[in-house]
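> predicted structure and sequence below. I'll ask about it afterward.
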Amino acid sequence: MSGKFITLEGIDGSGKTTQGFFLKNKLEEFGKDVLFTREPGGVKGAEEIRNLLVQGEKDRWSNITEILLFFASRRHHLEKVLLPAINKGKVVICDRFTDSTIIYQGRENIHLKKMIIELNKSVIGIVPDLTLIIDIDPTKSLNRGLSRKSDEMRFERFGLEFQATARNGYISLAKTDKRYQLIDGNNSKDKVHQMIWNKVSKFLSLKL
Ligand code: TYD
């Protein structure tokens with residue numbers, strides 16, 4: 001792999017998407033060839049699977065079916081978008097990746113978590129070079145999410161407790177590997193961008 005693979009993680013409404021665009025623009029100012037993409041989705045077939053996942057009633061899928069849908073979508077995205085871009089030397093920024101599945105689908109059940117880790121090894125096989133986790137108070141982020149009024153409310157419907165558990169999961173995950181960088185998202189957009197840029201510019205050895 002010649003490019004770099006950076007992922008953005010955090011609970012719903014943590015500002016990942018806004019920060020992803022800011023980061024892409026900044027990297028382009030430094031002459032980098034950047035691809036900003038997202039999961040679930042990022043390419044037609046995977047976006048179709050996304051609609052099955054983010055819309056509708058919260059109990060429409062069993063736990064295992066839901067995990068398989070996330071991995072079907074991820075595998076397609078990997079083949080069609082992520083690997084080609086990384087192999088071309090691009091800096092790929094992805095809004096969510098396997099860490100989201102570990103946190104959201106693996107949060108309460110150790111067997112499901114193990115299944116996710118195994119599936120990831122066998123059907124995905126790549127690990128991000130850097131993962132920025134935007135940490136935010138779930139009350140704040142949930143209000144942002146609910147005020148968006150989109151069709152994609154399935155996960156927001158799980159409520160505050162779910163988001164709080166996910167937040168704690170991310171904080172624990174951040175301690176398990178040095179690729180994780182926890183960013184304090186309870187700040188202004190510009191401040192958060194600055195903190196992210198600090199980490200990314202160091203990681204890519206870019207002169208400020
Ligand atoms: P996303 O579009 O990132 O939502 P947001 O912009 O609100 O953060 O992701 C859609 C939803 O899918 C989100 O609620 C989290 C959920 N999700 C999982 O549960 N598992 C996964 O593996 C991924 C990638 C997303």
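Sure thing, it's come through. Fair warning: this is a prediction, and the values are worked out from it, not measured in the lab.
> for the strand or helix carrying His77, packing partners?
Taking DSSP states H and E as the definition, one finds His77 inside helix 63-77. Secondary-structure packing of helix 63-77 (3 or more CB pairs under 8 Å, 6 or more residues apart in numbering; DSSP states H and E): helix 44-54, helix 98-104, helix 110-119. C-beta coordinates here come from the backbone N, C-alpha and C atoms, glycine included.
> closest to the ligand out of those helices?
Distance to the ligand, taken as CB to the nearest ligand atom, is lowest for helix 98-104 among the helices and strands packed on helix 63-77, at 3.1 Å.
> what's the offset of the closest one from the middle of its chain?
Here helix 98-104 is found 8 Å from its chain centre; the criterion is CA atoms, centre = their mean, to the nearest Å.
> show me what that helix is packed against.
Applying 3+ CB pairs under 8 Å, 6+ apart, we find helix 98-104 packed against strand 4-10, helix 63-77, helix 110-119, helix 159-174.
> if we use 6 Å, what do you get?
Applying 3 or more CB pairs under 6 Å, 6 or more residues apart in numbering; DSSP states H and E, we find helix 98-104 packed against helix 159-174.
> list the contacts of the helix it packs on.
Contacts with helix 159-174, where a contact means CB atoms under 6 Å, 6 or more residues apart in numbering, come from 11, 103, 107, 133, 138, 142, 180, 182.
> any idea of the mean pLDDT for it?
Mean pLDDT, computed over helix 159-174, is 94.
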